[in-house]
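A.B. asks: Return atomic coordinates for the entry below.
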Amino acid sequence: MDPRLERVLFVHAHPDDETLSTGAAIAAVAAGGGDAVVVTFTLGERGEVREERLADVEQVGVGEVRRAELEGALRALGARGRRIHGWDDSGMAWHENGVAGAAPDAPPTSMSKADPDDLADALSTVIEEVDPTSIVTYDADGGYGHPDHVAAHRASVIAARRYDLPLYVRSKRAGDAAFALEPVRDRVLAALGAHRSQLVVEDGDVLHVGGQRRPLDEVEHYTLIETRPRRRIRWGLRIGTLLAGIVVGAVGTFSHQQVPWGIALSLLAATGLIVGVRAASGSRQLTLAAVLGIIGVIALVAIDPLGRGAFGTERALVPANLPGWLWTLVPAAVSFVALAWPDAEAMRRIRMASKTATEGDRR
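C.D. replies: Residues are numbered from 1 along each chain as shown. Here you go, the predicted structure:
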């Protein structure tokens, strides 16, 4: 993950998670000229609060205090923020095995009780707006088992698959990307300082409101678990698709003169094969194999290697009548459109270019 010219979406459950878990990465992306966008599902409404902020909480509530702290942290990191509404903090209780779980009285609207697909739908709305080049979130166990973190991870996996986006998760050991704290230490410390209701930094350690103490990570490691699929098309599949195209082309060439059903069924079969292969596989290679099979047969008949009469002549298999012209031109036109149709990555670039142009016009 190269910070330069990246638009990275960091997905988190609560305020302060963004800095504690991915602060160095966020600051590095922003400092490197990229666009760091932090999306947060809840405001950590059920979190404990340090004594020094209890007066503020009594006035405006935990959620509002933490929302203001999040805004301050994002400014320090150089990031933009997006809030997903509809779910609440699940709270937290430690199990006997040392893994965090939801509080026993977690409300029905808590993240831990949400359908992952619903969370992914909400996240998809943000993805459509931001149009990121990659997504970053917690690992599968949420770092230490917090169910809201786990829910954010699952939603991110679903959304990454939907949009063909690479997904990086924070890992405890070296993986596919790493961000050192030292170059952005001042930004990260300023962001941690913004979360005064939750933590304080003492002698290089983070002291949490619950009493937990841990040192600052000098390096953040990330593992790539979801990436744009590399479509490896086997030769057997290519040959099979080519043969299917030859069969459709041959049958259509011999039957398209059986008006009206012959030409209709022939065009339906040819169009269905070409469009179906492109839509199902997304591969231009497979689509080209189908095209070569169909168009190749039509072209060979027109060249007349069998001595049956060239295109348009009296003895031709493809005479110069309406069905003949349709059978000659329609598959060629469909082939051109199918091969020229942009793939998912091209569509993403088109959306980004359109969005950039629109923003430029507004200015």
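A.B. asks: residues near E69, how many?
C.D. replies: E69 has 24 neighbours, counted by other Cβ atoms under 10 Å. In this view, the C-beta of every residue, glycine as well, is placed from N, C-alpha and C.
A.B. asks: Surely it and D16 touch.
C.D. replies: Yes. Using Cβ atoms under 8 Å, E69 is in contact with D16, at 7.3 Å.
A.B. asks: Only the buried residues of stretch 120-132, if you could.
C.D. replies: Judged by neighbour count using 16 or more other Cβ atoms under 10 Å, the buried positions of stretch 120-132 are 120, 122-124, 126-127, 130-132.
A.B. asks: nope, stretch 203-216 is what I meant
C.D. replies: Buried, per 16+ other Cβ under 10 Å, within stretch 203-216: 206, 208-209, 216.
A.B. asks: Of all those, the one with the weakest confidence?
C.D. replies: Across the set of the buried residues of stretch 203-216, V209 stands lowest in pLDDT, at 84.
A.B. asks: secondary structure element for T125?
C.D. replies: For T125, the host element (DSSP states H and E) is helix 116-130.
A.B. asks: Give the other helices and strands that that helix contacts.
C.D. replies: strand 7-12, strand 35-40, strand 80-83, helix 147-162 (3 or more Cβ pairs under 8 Å, 6 or more residues apart in numbering; DSSP states H and E).
A.B. asks: Centre of the chain to the third one, how far?
C.D. replies: Which is strand 80-83. Distance of strand 80-83 from its chain centroid, counting by Cα atoms, centre = their mean, to the nearest Å, is 17 Å.
A.B. asks: Quickly run through the sheet partners of that strand, with directions.
C.D. replies: As defined by DSSP bridges, the strand partners of strand 80-83 come to strand 35-40 (parallel).
A.B. asks: what do you get for the first one?
C.D. replies: Strand 7-12 has the following strand partners under DSSP bridges: strand 35-40 (parallel), strand 134-137 (parallel).
A.B. asks: Provide the contact partners of the last one at residue level.
C.D. replies: Residues outside strand 134-137 that contact it (Cβ atoms under 8 Å, 6 or more residues apart in numbering): 1, 6, 8-12, 22, 25, 127, 152-153, 156, 159-160, 165-170, 222, 226.
A.B. asks: Buried only: go through those for me.
C.D. replies: By neighbour count, with 16+ other Cβ under 10 Å, the contacts of strand 134-137 hold 1, 6, 8-12, 22, 25, 127, 152-153, 156, 159-160, 165-170, 222, 226 as buried.
A.B. asks: what bits of the stretch 101-250 of the chain have low per-residue confidence?
C.D. replies: Segments of the stretch 101-250 of the chain classed as low confidence (criterion: pLDDT under 70) are 101-104, 226-233.
A.B. asks: And the helices in it?
C.D. replies: With DSSP state H, counting those that start in this stretch, the ranges of helices along the stretch 101-250 of the chain come out as 116-130, 147-162, 185-194, 235-255.
A.B. asks: Quick check: which of these is nearest to A320?
C.D. replies: helix 235-255 (14.6 Å; Cβ to Cβ).
A.B. asks: What is that closest one packed up against?
C.D. replies: With contacts defined as 3+ Cβ pairs under 8 Å, 6+ apart, the packing partners of helix 235-255 are helix 261-281, helix 284-303, helix 322-340.
A.B. asks: Isn't V291 up against A340?
C.D. replies: No. Using Cβ under 8 Å, V291 is not in contact with A340, being 11.6 Å away.
A.B. asks: Which one's more surrounded, the two?
C.D. replies: Between V291 and A340, counted using other Cβ under 10 Å, the more crowded position is V291 (27 against 8).
A.B. asks: OK, contacts around the more buried one?
C.D. replies: 245, 274, 335, 338-339.
A.B. asks: could I get those as a markdown table with neighbour count and distance to V297?
C.D. replies: Output for the contacts of V291, formatted as a markdown table (neighbours: other Cβ atoms under 10 Å; distance: Cβ to Cβ, whole Å):
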| residue | neighbour count | distance to V297 |
| --- | --- | --- |
| G245 | 27 | 8 |
| I274 | 25 | 13 |
| S335 | 23 | 13 |
| A338 | 21 | 17 |
| L339 | 13 | 18 |
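A.B. asks: just to revisit the earlier point, find the pair from the buried residues of stretch 203-216 with maximum spatial separation.
C.D. replies: It's V209 and L216 that sit farthest apart of those, by Cβ to Cβ, at 16.9 Å.
A.B. asks: Could you measure from the closest residue to A338 other than its chain neighbours over to T109?
C.D. replies: Setting aside the residues directly before and after it, A338 is nearest to R278 in space (Cβ to Cβ, 6 or more residues apart in numbering), at 4.4 Å. R278 sits 42 Å away from T109, going by Cβ to Cβ, to the nearest Å.
A.B. asks: do E58 as well
C.D. replies: The gap separating E58 from T109 is 24 Å, by Cβ to Cβ.
A.B. asks: my guess is L192 meets E18, correct?
C.D. replies: No. L192 is beyond contact range of E18, at 10.7 Å (criterion: Cβ under 8 Å).
A.B. asks: which of these two has more neighbours?
C.D. replies: Neighbour count, other Cβ under 10 Å: between L192 and E18, E18 has more, with 28 against 21.
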